[in-house]
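Trainee: Sequence and predicted structure below; questions after.
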Amino acid sequence: MKDFIYYAPTQVVFGALSEDKTGKLVKQYSGTKVLVHYGGQSAERSGLLDKICRALEAEGIAYVKLGGVVPNPRLSKVHEGIELCRKEKVDFILAVGGGSVIDSAKAIAFGVPYEGEVWDFYMGRAHAEACLPVATVLTIPAAGSEMSNSTVITNEDGDLKKGYSNNLCRCKFAVMNPERTYTLPNYQTACGVTDIMMHTMERYFVNIETMEITDSISESLMQTVIYNARILLNEPGNYNARAEIMWAGSLSHNGLTGCGTGGGDWSCHQLEHELGGLYDVTHGAGLAALWGSWARYVYDANPERFAQFATNIFDIPCFADYENTALAGIEAMEDFFRSIHMPTNLHELGLDLTDEQIHELAFKCSFEDTRTIGVFKQLNMKDMEKIYAMAR
Ligand code: NZQ
Ligand code: ZN
């Protein structure tokens, strides 16, 4: 097991009607003027936004609202939020929504106390020393941003989607009511499930010898998510299935499944972020479209690891050689993606890419051929190009 630091300071308030506690929680963390940040329509339509505002009013907490965050949240909205917060002297940011809203909230929180351009953090040109407190009322289990130290923003100028990680932006609290996810379209539920699986698999597929406790946690998490995702296909209003997936979403990305693994591989996420930046695809669906091609490209670096995955997640008997077991596991995973109506290639994702477009994706992902990605198998620009091409 490799050395690690596990830091997950977010207070989780989980359960039915938990959003009623939001006002008290903001007070507990000394918020006096709040930016209530939200997305397109869902939080307004469901009445959640009004409920949150009433909970703040009940505690005498002033607030301003800023909606309109889109999936693959944009830098222009972040700039708008920074300006509003400065004008209104906001001292606390509350994200009501999913990963996109939380990430936009985190970016605004970094931007308000910073004199320079907030995008510098995402480009690695500066490191944030300060951040307004952020918290969330989560409406979709997927990105895990409610407990992660990351924010991912798309700069429309150049179609660049970039992440920035810094413990300062970890949510002070995350309110999670599984009932609030009943209104999710099946497609968004499935994209969320995929992302949760992928946050676990990115950390699982590494080349180190022993990490038994972390393996057990990860394998149990993946089995639980698969089992409950199948239930939700027929019973979208099943509270327990929603609850299991919601909690798994946080655990898959709060660092727990990475303890002792050296941090993880993250190739699929890097490859997907280019799809998100250039073609605005839904994050989870983009990951599903790429994973099988990545897996087939890299599994021979350690077929035993893929065989363990096949056996422990999909009950595939271990064949005489690891290779066949590994390949059967990859197929089983793709079957699962298909069963929840996720794409397993770029065509099914709605993208029919030319060779030039494939090259552009790899060129951008490799930072113009200056970096490699991945640890399970290190990938250079040519490797990335091959994986994108395999995924066609
Ligand atoms: O905008 P509204 O109308 O709210 O609709 C949203 C949006 O269209 C809808 N939705 C959310 N909750 C709903 C609902 N619809 C009905 N009922 C509800 N309860 O779902 C759509 C997707 O929302 P979004 O916030 O984009 O989803 P997700 O949580 O998957 O976030 C995706 C973003 O997170 C980033 C992704 O790259 C992507 O930009 N990620 C952030 C990470 C992090 N900060 O740690 C890690 C992840 O790997 C990921 O990269
Ligand atoms: Zn993700």
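Mentor: Cool, the structure landed. Not measured: the values here are computed from a predicted model. Ligands and ions are numbered 1, 2, ... in the order given.
Trainee: so residue 262 sits in a helix?
Mentor: No. With the criterion set as DSSP: H, G, I helix; E, B strand; the rest coil, the secondary structure at residue 262 is coil rather than a helix.
Trainee: you'd agree it is up against residue 208?
Mentor: Yes. Between residue 262 and residue 208 there is a contact at 6.1 Å, judged by C-beta atoms under 8 Å. Glycine gets a C-beta too; all of them are placed from N, C-alpha and C.
Trainee: Tell me the residues on the stretch 151-300 of the chain that lie near ligand 1, please.
Mentor: Proximity of the stretch 151-300 of the chain to ligand 1 (C-beta under 6 Å from any ligand atom) is limited to residues 151-152, 180-181, 183-184, 188, 192, 195, 253, 269, 276, 283.
Trainee: residue contacts, residue 80?
Mentor: Counting by C-beta atoms under 8 Å, 6 or more residues apart in numbering, residue 80 touches residue 66.
Trainee: What sits closest to the residue nearest the centre of the chain if chain neighbours are left out?
Mentor: Centroid-nearest residue in the chain, with C-alpha atoms, centre = their mean: residue 143, separated by 2.3 Å. Computed as C-beta to C-beta, 6 or more residues apart in numbering, the closest residue to residue 143 that is not its neighbour in sequence is residue 99, at 2.5 Å.
Trainee: just residue 210 next, same as before
Mentor: Leaving aside its chain neighbours, residue 210 sits nearest to residue 1 (6.1 Å; criterion: C-beta to C-beta, 6+ apart).
Trainee: Please give the number of neighbouring residues around the one you found.
Mentor: The burial metric for residue 1, expressed as a neighbour count using other C-beta atoms under 10 Å, is 14.
Trainee: just use 207 as the starting number from now, easier for me
Mentor: Done: numbering now begins at 207, and the last item shifts to residue 207.
Trainee: From residue 419, how far off is it?
Mentor: Counting by C-beta to C-beta, to the nearest Å, the gap between residue 207 and residue 419 amounts to 8 Å.
Trainee: Are there residues contacting both of the two? Which ones?
Mentor: residue 466.
Trainee: Just say helix, strand or coil for the nearest residue to residue 457 once chain neighbours are set aside.
Mentor: For residue 457, the nearest residue in space outside its immediate sequence neighbours is residue 427; the separation is 6.1 Å by C-beta to C-beta, 6+ apart. Local secondary structure at residue 427 is given as helix here, using three-state DSSP.
Trainee: Pretty sure residue 460 is one of the things residue 427 touches, is it not?
Mentor: No. Contact between residue 427 and residue 460 fails when scored by C-beta under 8 Å: they sit 11.4 Å apart.
Trainee: Helix, strand, or coil at residue 343?
Mentor: Reduced to three states by three-state DSSP, residue 343 is strand.
Trainee: how close does residue 391 get to residue 406?
Mentor: 23 Å.
Trainee: Who has more neighbours out of the two?
Mentor: The residue with more neighbours, out of residue 391 and residue 406, is residue 406; 26 against 10, by other C-beta under 10 Å.
Trainee: ok but that one is inside a helix, no?
Mentor: Yes. Looking at residue 406 with three-state DSSP, it is inside a helix.
Trainee: Is it in contact with residue 428, as I believe?
Mentor: Yes. Contact status for residue 406 versus residue 428: in contact at 5.5 Å, counting by C-beta under 8 Å.
Trainee: related to what we said a few turns ago, tell me the SS of the residue nearest to the centre of the chain?
Mentor: Note that with three-state DSSP, the state of residue 349 is coil.
Trainee: Now do the contacts for it.
Mentor: So residue 349 contacts 304, 305, 306, 308, 309, 358, 398, 401, 455, 459, 489 (C-beta under 8 Å, 6+ apart).
Trainee: ok, the second one touching residue 346?
Mentor: Yes. Taking C-beta under 8 Å as the contact criterion, residue 305 and residue 346 are neighbours in contact, 7.4 Å apart.
Trainee: which of those two has more neighbours?
Mentor: residue 305 (30 against 23).
Trainee: give me every residue that touches that one.
Mentor: Residues near residue 305 by C-beta under 8 Å, 6+ apart: 346, 348, 349, 350, 351, 358, 489.
Trainee: All the helices of the stretch 307-456 of the chain, residue numbers only.
Mentor: Ranges of helices in the stretch 307-456 of the chain, per DSSP state H, counting those that start in this stretch, are 325-328, 392-410, 418-440, 445-457.
Trainee: and the residue in the stretch 457-598 of the chain that ligand 1 sits nearest to, how many neighbours?
Mentor: Nearest residue of the stretch 457-598 of the chain to ligand 1, counting by C-beta to the nearest ligand atom: residue 489, 3.9 Å away. Using other C-beta under 10 Å as the criterion, residue 489 is surrounded by 25 other residues.
Trainee: Pop out the phi and psi values for it.
Mentor: phi -50, psi -50 (degrees, to the nearest 10).
Trainee: My understanding was that it contacts residue 478; is that so?
Mentor: Yes. Between residue 489 and residue 478 there is a contact under C-beta under 8 Å: 6.5 Å.
Trainee: any idea how far ligand 1 is from the closest residue in space to residue 459 that isn't next to it in sequence?
Mentor: In space, residue 459 comes closest to residue 350 once its chain neighbours are excluded; the distance is 2.5 Å by C-beta to C-beta, 6+ apart. Taking C-beta to the nearest ligand atom, to the nearest Å as the criterion, residue 350 is separated from ligand 1 by 5 Å.
Trainee: Right, I'll leave it there.
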